[in-house]
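Asker: Mind folding the following:
(chains A and B)
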There are 2 protein chains.
Amino acid sequence: MAEITAVSPLAPDRFPDLPVIGGVSFAAVEAGVRYQGRTDLMLAVLCPGTSIAGVFTRSSTRAAPVLDCQAKLGGDAAAGAAILVNSGNANAFTGQFGQTSVQQIVRAVADRLGLPPERVFTSSTGVIGEPLPHDRIIAKLEALAETQSPEGIAAAAQAIMTTDTFPKGAARSVAVGDKTVQIAGIAKGSGMIAPDMATMLVYLFTDAMIDQPTLQKMVSRLNERTFNCITVDSDTSTSDTLLACATGASGCDVSGSEAFETALHDLMRDLAHQVVRDGEGATKFVEIVITGAATDGDAHIHGLAIANSPLVKTAIAGEDPNWGRVVMAIGKSGAPADRDRLSIRFGTVTVAEKGWVSPDYREEEAAAHMKQADISIHVDLGLGDGAATVWTCDLTHGYISINADYRS
Amino acid sequence: MAEITAVSPLAPDRFPDLPVIGGVSFAAVEAGVRYQGRTDLMLAVLCPGTSIAGVFTRSSTRAAPVLDCQAKLGGDAAAGAAILVNSGNANAFTGQFGQTSVQQIVRAVADRLGLPPERVFTSSTGVIGEPLPHDRIIAKLEALAETQSPEGIAAAAQAIMTTDTFPKGAARSVAVGDKTVQIAGIAKGSGMIAPDMATMLVYLFTDAMIDQPTLQKMVSRLNERTFNCITVDSDTSTSDTLLACATGASGCDVSGSEAFETALHDLMRDLAHQVVRDGEGATKFVEIVITGAATDGDAHIHGLAIANSPLVKTAIAGEDPNWGRVVMAIGKSGAPADRDRLSIRFGTVTVAEKGWVSPDYREEEAAAHMKQADISIHVDLGLGDGAATVWTCDLTHGYISINADYRS
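Answerer: Reported below is the predicted structural model:
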């Protein structure tokens, strides 16, 4: 695989300080699944009473661990739970062997931690189609169990990285009644990123109290507006998994709390943006706002058509305010558009309106916006009230370098 | 715009010798629409009795000349016809001004050639969103009319190029009864290439006799299996136009002739392949054959999902037999697939079957196939009899170089 040494120019300055979440402990070790000289295996152990919700890739070729996790949501929270994640090998398209690997890992974790197997969740991320060396993983369970720590989340974020150039984490605290609950999350990208869902792996932890069906509905709803609104390359991973774990350790019931949902939404969007900011080869972070569509669904389709267009993405890489390519992408999206009602803004610069270049448009103003690291494109379709926002990055030589040489 | 000097490594050795088509003459001149030092305007004049069929982009933001052509199909063949094409400016997203430009050009051509305006077809290809300097075009009509020649088709193929690195032409002759009819065609690519339809501009000429409705049905049918089966970058042009002109000069009626349809199909596929071979930055020509799908439509969806996947295309650029990415693309396509019934071949090498790597697979054999300029990927879904073939190219640094710097 290609050596990816440079950190994305869009990376945050540093990994944030994440709070301890009562009821969760973490450990990370080097298991040598594929990578050498770095951690590649993490374990999160969750206290009895933890609700776990999840959303997953809708790929028809999804990986064995995804299928296993999907079957386990809604299990008995009273028993506690564990999440084990390896990087380097996705255990995807590995036939019957893949399922056997998951079963063996799950059984070993369950035995070691005294959990029922249906409360052990696993994820694998990395190369597709190669057998997962599950013995190397099982051999490290003892070390993982012995080094569990409530402070271990940053190490866990490191262990799940593949082509990521920085670990991704975010936290929020929110007052609910007279109590404060904490939420912390980690994620990894950074290629094969497209909706359904858009990131490969995300783990969220909170000490809030909330029952599984309520948490599941909230996470599914927020996922539609966060991770399902990002794309790097339009390619959908076979391993995409988001698990949200509420331990209840704060003793604070957040069912029906708008403040909690807002904080969780904010945290999920933060992590989703970090995934885009680490998009393979990315040099620009792009927010695409669609308004005036016939429906919200149409707006989302237009937004993704723009965000996934190689010609739009290369123009952004070239700092070219090429709004003609935005028009092209709207035209091909399949959702309704009226050429002569479109208006397009780059940043605060109106470039096109009523089917043609704006009379006030001065290319140097738009070009100045394109030179920034964070780009905004706003399209109003002039048809109705439908709106959506999606996020993407540019398409650069870096993407080609990383992906023309990833596996060989 | 970027200087594109190198010729595609996948280009044919030379432009083919195209036969004179009775009833058509051509001219090409330098009008300075945008480019300097090259021809950028071509005129084809068609004799009375010529049937003209067409297929066009389905983009909702299609250009003014496309809308004008679409309205004119099925006009009075007895009057003769003309086709005028400029490169350098697409006259797309140019509002009311764009329609006015088309009208002025059409009227001037009609006046000069003594044709009704509804028999004058125009196309424009190049940059989007800038006003077409139609005066520069009209100023050259006299020169075009005076230099018409039955031998001018190669010059016409040159004049319609934009980022193309070679002119595209093909010819077939076919015996129908005791007569022989000739077919010749020219096309241009080479970015913004995706179905609906997949090439920007194609013009076909034959001396066969065939009425317009029959020709239209045949061309629409064949288009589905040729130009609508190619993709370079998944981006759909706002200008895509195919016009097929049958002058009848051979006196040979080809209605109902299977041989004629086969020859026309063959020629259209040839031109479609040439467009792919000149895909921006292409170093590999890729044929993707899907069999065993539930329906032909599903097979087409799977084929395009693979052909448009940036991760598959970069793997091909890297000569990496990365079948995991093929599995990923099938999984995301949205059409039915059963992971454990899939089989995948690269060239003649079976890489995966029954949901996992083939027991006989040796990566060096697949890697040897990937080193060739022409790559073949065959996926059998094991579900039914649906089949489709699509063609694409790889995604390289060349694509990024061309498109991150096209307009600025």
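Asker: and A:R221, that's in a strand?
Answerer: No - counting by DSSP: H, G, I helix; E, B strand; the rest coil, A:R221 is not found in a strand; it is helix.
Asker: how far away is it from chain B?
Answerer: Separation of A:R221 from chain B (Cβ to the nearest Cβ, to the nearest Å): 23 Å. Every residue, glycine included, has its C-beta placed from N, CA and C.
Asker: what about that residue, neighbour count?
Answerer: Applying other Cβ atoms under 10 Å in any protein chain shown, we find 12 residues neighbouring A:R221.
Asker: The one 4 residues further on now?
Answerer: When counting by other Cβ under 10 Å, one arrives at 15 neighbours for A:R225.
Asker: Name all residues that make contact with the closest residue to it other than its chain neighbours.
Answerer: Closest residue to A:R225 in three dimensions, ignoring its sequence neighbours and counting by Cβ to Cβ, 6 or more residues apart in numbering or on different chains: A:H265, at 7.0 Å. By Cβ atoms under 8 Å, 6 or more residues apart in numbering or on different chains, A:H265 lies in contact with A:222, A:225-226.
Asker: Let me know the secondary structure of A:H265.
Answerer: helix.
Asker: pLDDT score for it?
Answerer: For A:H265, the pLDDT comes out at 94.
Asker: That one and A:G297: what is the separation?
Answerer: 20 Å (Cβ to Cβ, to the nearest Å).
Asker: ok, the helix or strand of chain A with the lowest mean pLDDT: who's next to it in the sheet?
Answerer: For chain A, using mean pLDDT, DSSP states H and E, the weakest element among its helices and strands is strand A:230-231, scoring a mean of 80. Looking at strand A:230-231 with DSSP bridges, its partner strands are strand A:386-393 (parallel).
Asker: List the contacts of the strand it pairs with.
Answerer: A:10, A:229-232, A:272-273, A:276-277, A:279, A:281-300, A:302-304, A:306-308, A:313.
Asker: and whichever residue of the stretch 101-250 of chain A sits closest to chain B, how far is that from A:S239?
Answerer: Chain B sits closest to A:I128 of the stretch 101-250 of chain A, with a gap of 2.8 Å, by Cβ to the nearest Cβ. According to Cβ to Cβ, A:I128 stands 8 Å off from A:S239.
Asker: With A:A139 instead?
Answerer: Using Cβ to Cβ, A:A139 is found at 23 Å from A:S239.
Asker: Tell me which of those two has more neighbours.
Answerer: A:S239 (25 against 14).
Asker: List phi and psi for A:H378.
Answerer: Main-chain dihedrals, A:H378, degrees, to the nearest 10: phi -120, psi 120.
Asker: That one: what's it in contact with?
Answerer: Contacts for A:H378 (Cβ under 8 Å, 6+ apart) come out as A:288-291, A:344-345.
Asker: Save the residues you listed as TSV, and put in neighbour count too.
Answerer: Listed next are the contacts of A:H378 as TSV, based on neighbours: other Cβ atoms under 10 Å in any protein chain shown:
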residue	neighbour count
A:I288	26
A:V289	16
A:I290	27
A:T291	18
A:I344	26
A:R345	20
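Asker: Per-residue pLDDT of the spatially closest residue to the residue of the stretch 101-250 of chain A closest to chain B that is not a sequence neighbour, please?
Answerer: Among residues not flanking A:I128 along the chain, B:G324 sits closest, at 2.8 Å (Cβ to Cβ, 6+ apart). B:G324 carries a pLDDT value of 87.
Asker: And the pLDDT for A:Y406?
Answerer: 52.
Asker: Then A:P195?
Answerer: 45.
Asker: tell me the angle the helix or strand where A:L215 lies makes with strand A:386-393.
Answerer: Using DSSP states H and E, A:L215 falls within helix A:212-225. Following axes from the mean of the first three to the mean of the last three Cα atoms, to 10 degrees, one obtains 80 degrees for the angle between helix A:212-225 and strand A:386-393.
Asker: This completes my enquiry, with thanks.
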